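J.: Turn this into a model:
(chains A and B)
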2 protein chains.
Amino acid sequence: MPRKIIRVNMKKLETNYEDLPEKYQYLGGRGLTSTIVAEEVPPTCHPLGPHNKVVLAPGIVTGTNAPSSGRLSVGGKSPLTGGIKEANVGTNFAQMLGRMRIGAIIIEEQTEGKDYYLLKITNDGTEFIKANKWVGKGLYEVYKDLRKEFGEKIGICGVGIAAELFGGNSGLCFNDPEGLPSRYAGRGGLGAVMASRGLKFIVVDETGAPGVEIKNEEVFKKGTAKLLKALGDHDVTKPGGALNTYGTGVLINIINENGGLPQRNFSRGQDDRSEKVSGEAKAEEIKKRGGVRPHGCHTGCVIQCSEVWTKPDGKDPVGVLEYESVWALGPNCEIYDLDTIGELNRACNDLGLDTIETGTTLAVAMEGGLADFGDGKASLNLLEEIRKKTPTGRILVNGTEFTGKAFGVTRIPTVKGQAMPAYDPRAIKGIGVTYATSPMGADHTAGYAIATEIMGVGGEADRLDTKKAELSRNLQVATAVIDSVGYCLFIAFAILDIVEGLEGVVESVNGVLGTSLTLNDIPTIGMQVIETEIKFNKAAGFTSLDDRLPEFMKEEKFPPDNEVFNVSDEELDSVFKF
Amino acid sequence: MPRKIIRVNMKKLETNYEDLPEKYQYLGGRGLTSTIVAEEVPPTCHPLGPHNKVVLAPGIVTGTNAPSSGRLSVGGKSPLTGGIKEANVGTNFAQMLGRMRIGAIIIEEQTEGKDYYLLKITNDGTEFIKANKWVGKGLYEVYKDLRKEFGEKIGICGVGIAAELFGGNSGLCFNDPEGLPSRYAGRGGLGAVMASRGLKFIVVDETGAPGVEIKNEEVFKKGTAKLLKALGDHDVTKPGGALNTYGTGVLINIINENGGLPQRNFSRGQDDRSEKVSGEAKAEEIKKRGGVRPHGCHTGCVIQCSEVWTKPDGKDPVGVLEYESVWALGPNCEIYDLDTIGELNRACNDLGLDTIETGTTLAVAMEGGLADFGDGKASLNLLEEIRKKTPTGRILVNGTEFTGKAFGVTRIPTVKGQAMPAYDPRAIKGIGVTYATSPMGADHTAGYAIATEIMGVGGEADRLDTKKAELSRNLQVATAVIDSVGYCLFIAFAILDIVEGLEGVVESVNGVLGTSLTLNDIPTIGMQVIETEIKFNKAAGFTSLDDRLPEFMKEEKFPPDNEVFNVSDEELDSVFKF
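T.: All right, here's what the predicted structure looks like:
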């Protein structure tokens, strides 16, 4: 039985089940969402108008017991960048779709009135339910309500108040295993695209799901075993390894030591106070408070980099505080207190905001005079402006570049309108090449050069060396494959260093699809996904000039290295040539 | 003695006088500002960063007694469009520069502190004076103060509160003959570019000016006499003709009758109530109140389309209420009351706002729920938010597209980020071609197809015919020449129909420059200016996709014709091919 596409027409309030077309048989995750978006969404359309779509697709192996494979890809035209967007999230919701053999959900058209809807999907079909009673409410409360109403085992995809404001910084929120609204396909404002269709929630109940069809069980088993072994062997991913023990926050001290952890809206790369918000400090606190650590963002993850952060008394669980979130809401705003960061992160989750874009927005707002750097209370109040839907909130919810423009700030750390994550490209050049050239806008996950430049994974590279086109390209291509297959990006640490792990990935795909792909097919497949995305962007009006970092990073020296971003335009333009 | 360039370095607070380089000898006005901007401003620079410049240049004949030639061109990279910008204004200030033989003023670099400055220019040199005491004040008060402090005969160029907010909708304000702050190089946010250099005012005292150098007095006299005769003969421009009697507002009834006067944020093209704000109604009121009508925006204008509008008791003179302003602040917001429109226009002048962009912003804000359509009081309050520099004000001051984004509105009538003026392109296709293809963004003055499509000047054309590339191109090219020579665009009515008038224009240029140009040179000169501008835009990242009207105009039928904008992309792309 082939996978199905559920096509959701929000104008007619109808769903149609279609067999996944032959041409999409070997696609999943990002490969599938980007292909569908490129084929069905006019590149020049208004992102919040009738022609945009939101496409959700689990990876190829998602829903199986392949380790750390509970990933969902969300695609559409981004209101933040104006280009194609793929946001990726780890959540049980993804696994449920996989087991229900739903290859993709395509949300299209727009409701005609002002009503918001919830779409319920079970193995028996779909149902639209009016969702107006949840409008204007925080997602922690709503997700609790939804589980009460639809059962504890449901998967939830939802958009918050940020999306009700059609904010360029509004993510799609998914539940973690505890049901907390803490897992986000956060970047690029796809929440607003979903909200502008009139859809507020998707609730999935997988009862009776047939499970992922595995064409060749033997090959699949062999492959997943090899991957599992590699993950267990590699220092970064093994039980008791860096990610498992400290979570992604282990990077705070490492990147700070390397002078690349942006402080005070990308003004310098190092601050001793950063240690107070490090992964090490956080892990210790979690132990004291009775939070959870390690923890998986979805069932069946073996890396378990996640956690449940709580208030000092162990109450009001937030979910995970990722490295990126801690940095954005912390050092980049000169806030060095985990409890304040936890509250800010909880507010982001509650409102439906991407934590990275929110932190960079707050820092730019601080530079624009809305609050003092370091003022956590003022930062929380600014996020409350979004909840109250005030004009200030409407500015902030549209992200870093929009906020900078509103408040006359010219030091805006964005590419293609999307804010940079937690690595300054002046101190670590390769990640800057990825920021510049990824079709997604500034995005560390698109081609995580940090692995090689800082962690020595997949080879070694001097972080200040400006010849990084090849490194970034290779990583972007490999990432496109991982995002399509449905594995967590963090398996990359293991499979870049341990070839059997990489073989295992390919074999797991062959097992599910009945294909006979080899390692040699990986670059072709990855490059094809990226080509599709870049062609969309070109048709949307992007040129090579969009593959550039902001002016101030090319002119303002960044302590402690006192480097500017000096990778040449030619080097940037050599990454992708389609 | 050649014309001089005054180069104003705001970082060093120094000015340098340079001879106008040989290569610029035959340039003036727009031809000069666009050339200097293209040569000196990096196309990808941040519009509010250190590398942008503001260039002011009077036309070639400006400052002579050539009729209706008191025009100034202002150029720079626009914070509104991200492309090159030329905004043009009629003001005595322009004539003073001409008579002082100042070919151009180039304002560059940025002050290092927070101080604002006034630059005083006399025949003896320049002086920087701190201007902080005028920050945050309305320009009506400030312009009165400046005349008290520097003399009644000065010319003033200034930026208002809108520019202090670095708003994409902030113009450069010039005095009219009565000293009112009512003549604007309004479009494209060049006020913010000036303010971001730290310059708030330029005050010019021309005492002792040598006058424009005229190389061949005889040819010049012959030419200006021919132009004067043509202006006096043509129905549109003659004394007692349409413009002279009713001002530009004569168009309200005409465009409304043709179904092309956008009402309620470009929702329909006709409303009987529009008559209440027509030029005819306005002229009658002015007579009753003791305002001035007709009136010239600068000394020596023979068309005299301007006026001085006052409150009902004849007090609080506003200056002119142009057709575009009346429409933008009136019918497009469903406001059909001249006194309300007068107050709104006064607020725009006082704050340093472009009236067109302000009216379209208010209408989009109304669609976004900030006020009811037709609510003049609420509109005034919204403009007061700009004065108070509130977050709402910071949204509005950034213009129509920014406001639409902040409030989730998708019906945004802009091209290249700049709002459309008072003619709906669905009802009058040729002006739509100009909106789409002008390097300036949506701009009626760039190639005023209305002349031919509605008024039968320069030939006739069915307004619904979609083959308008040639018409728009010819008009855009001719306009570039007029903007460079320094004549008011309204001479076009006469010279398109009366060839002796056109000859007169060329002869007046030959007289001043000592050249021997012929009518055949006009297309080449005009095309060169536009090519320079379009090349800048391309280097700034523009593609043919920027030469398109917004999605909703291609899909939403516009009553009463119920037409969409159906000019093909091919037709649009055939206008300019560089």
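
J.: Could you find the closest non-adjacent residue to residue A:357?
T.: Closest residue to residue A:357 apart from its sequence neighbours, by C-beta to C-beta, 6 or more residues apart in numbering or on different chains: residue A:169 at 4.2 Å. Yep, even glycine has a C-beta here, placed from its N, CA and C like the rest.

J.: Secondary structure element holding the one you found?
T.: Per DSSP states H and E: residue A:169 is located in neither a helix nor a strand.

J.: Show me which residues of the stretch 1-150 of chain A sit near chain B.
T.: Contact residues (C-beta under 8 Å from any C-beta of the partner chain) of the stretch 1-150 of chain A with chain B: A:44-46, A:48-49, A:51.

J.: Only the buried subset of the residues you listed, as a ChimeraX command please.
T.: Listed next is the ChimeraX selection for buried residues among the residues of the stretch 1-150 of chain A next to chain B, using 16 or more other C-beta atoms under 10 Å in any protein chain shown:
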select /A:46,48,49,51
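
J.: CSV please, covering the residues of the stretch 1-150 of chain A next to chain B and showing secondary structure.
T.: Listed next are these as CSV, based on DSSP: H, G, I helix; E, B strand; the rest coil:
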residue, secondary structure
A:44, coil
A:45, coil
A:46, coil
A:48, coil
A:49, coil
A:51, coil
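
J.: Let me see the contact set for the residue nearest to residue A:357.
T.: Contact analysis of residue A:169 by C-beta atoms under 8 Å, 6 or more residues apart in numbering or on different chains lists A:80, A:162, A:189, A:353-354, A:357-358, A:361, A:396-400.

J.: Then residue A:84?
T.: A:34, A:37-38, A:43, A:75-78, A:439-440, A:533, A:536-537, A:540.

J.: can you check residue A:499 too?
T.: Residues near residue A:499 by C-beta under 8 Å, 6+ apart: residue A:519.

J.: now swap in residue A:415 and tell me
T.: Residue A:415 touches A:435-436, A:441-442, A:546-550, counting by C-beta under 8 Å, 6+ apart.

J.: same thing but 10 Å
T.: A:81, A:401, A:425, A:432, A:434-438, A:440-443, A:546-550, A:553 (C-beta atoms under 10 Å, 6 or more residues apart in numbering or on different chains).

J.: Report pLDDT for it.
T.: If you check residue A:415, the pLDDT there is 98.

J.: what does the stretch 401-550 of chain A put close to chain B?
T.: A:402-412, A:538-546, A:548, A:550 (C-beta under 10 Å from any C-beta of the partner chain).

J.: Among those residues, which lie within helices?
T.: Applying DSSP state H to those, the entries found in helices are A:402-406, A:538-539.

J.: and which of those is nearest residue A:578?
T.: Minimum separation from residue A:578 among these (C-beta to C-beta) is found for residue A:538, which lies at 7.8 Å.

J.: That closest one reaches residue A:578, doesn't it?
T.: Yes - using C-beta atoms under 10 Å, residue A:538 makes contact with residue A:578 at a distance of 7.8 Å.

J.: Those two: which has the busier surroundings?
T.: The residue with more neighbours, out of residue A:538 and residue A:578, is residue A:538; 18 against 10, by other C-beta atoms under 10 Å in any protein chain shown.

J.: And the more buried one, how close does it get to residue B:537?
T.: Distance of residue A:538 to residue B:537, computed by C-beta to C-beta, to the nearest Å: 17 Å.

J.: for residue A:298, same thing?
T.: 47 Å.

J.: So for these two, which sits in the more crowded spot?
T.: For residue A:298 versus residue B:537, neighbours defined as other C-beta under 10 Å are more numerous around residue A:298 (27 against 24).

J.: For that one, give me its contacts.
T.: Counting by C-beta under 10 Å, 6+ apart, residue A:298 has contacts A:62, A:68-72, A:89-96, A:155, A:174-177, A:183, A:306, A:488.

J.: Likewise for residue A:286?
T.: Each residue near residue A:286 by C-beta under 10 Å, 6+ apart is listed here: A:247, A:292-295, A:307-310, A:314, A:321, A:338.

J.: Quick one: buried ones out of the residues you listed?
T.: Here, 16+ other C-beta under 10 Å leaves A:247, A:292-295, A:307-310, A:321, A:338 buried among the contacts of residue A:286.

J.: Verify the stated contact: residue A:217 with residue A:511.
T.: Yes - with contact defined as C-beta under 10 Å, residue A:217 and residue A:511 form a contacting pair (6.7 Å).

J.: which of these two has more neighbours?
T.: residue A:511 (24 against 10).

J.: Skipping adjacent residues, who's closest to that one in space?
T.: Per C-beta to C-beta, 6+ apart, closest to residue A:511 is residue A:220, 2.4 Å.

J.: what about the one you found, distance to chain B?
T.: 45 Å (C-beta to the nearest C-beta, to the nearest Å).

J.: again with residue A:339
T.: For residue A:339, the distance to chain B - C-beta to the nearest C-beta - is 28 Å.

J.: same check, this time on residue A:363
T.: According to C-beta to the nearest C-beta, residue A:363 stands 18 Å off from chain B.

J.: Any buried residues in whichever strand or helix holds that residue, and which?
T.: Assigned by DSSP H and E, residue A:363 belongs to helix A:355-367. By 16+ other C-beta under 10 Å, the buried positions in helix A:355-367 come out as A:355-367.

J.: Check those against chain B and report the nearest one.
T.: If you rank the buried residues of helix A:355-367 by distance to chain B using C-beta to the nearest C-beta, residue A:365 comes first, at 10.4 Å.

J.: show me the contacts for the closest residue to the closest one other than its chain neighbours.
T.: Using C-beta to C-beta, 6+ apart and skipping residues adjacent in sequence, the residue nearest residue A:365 is residue A:403, 5.4 Å away. For residue A:403, the contacting residues are A:169, A:357, A:360-365, A:367-368, A:370, A:382, A:392, A:395-397, A:409, A:412, A:419, B:394, by C-beta under 10 Å, 6+ apart.

J.: go with 7 Å
T.: A:361, A:364-365, A:395-396 (C-beta atoms under 7 Å, 6 or more residues apart in numbering or on different chains).

J.: What values do phi and psi take at residue A:155?
T.: phi -100, psi 140 (degrees, to the nearest 10).

J.: same question but for residue A:92, I mixed them up
T.: Dihedral angles (degrees, to the nearest 10) for residue A:92: phi -60, psi -30.

J.: one step back: same list (the residues of the stretch 1-150 of chain A next to chain B) but as CSV, adding pLDDT and distance to residue A:110.
T.: Shown next, in CSV, are the residues of the stretch 1-150 of chain A next to chain B (pLDDT from 0 to 100; distance: C-beta to C-beta, whole Å):
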residue, pLDDT, distance to residue A:110
A:44, 98, 18
A:45, 98, 12
A:46, 98, 11
A:48, 98, 9
A:49, 97, 8
A:51, 98, 10
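
J.: how would you label residue A:88: helix, strand or coil?
T.: Strictly by three-state DSSP, residue A:88 counts as strand.

J.: Tell me, how many residues neighbour it?
T.: For residue A:88, the neighbour count with other C-beta under 10 Å is 26.
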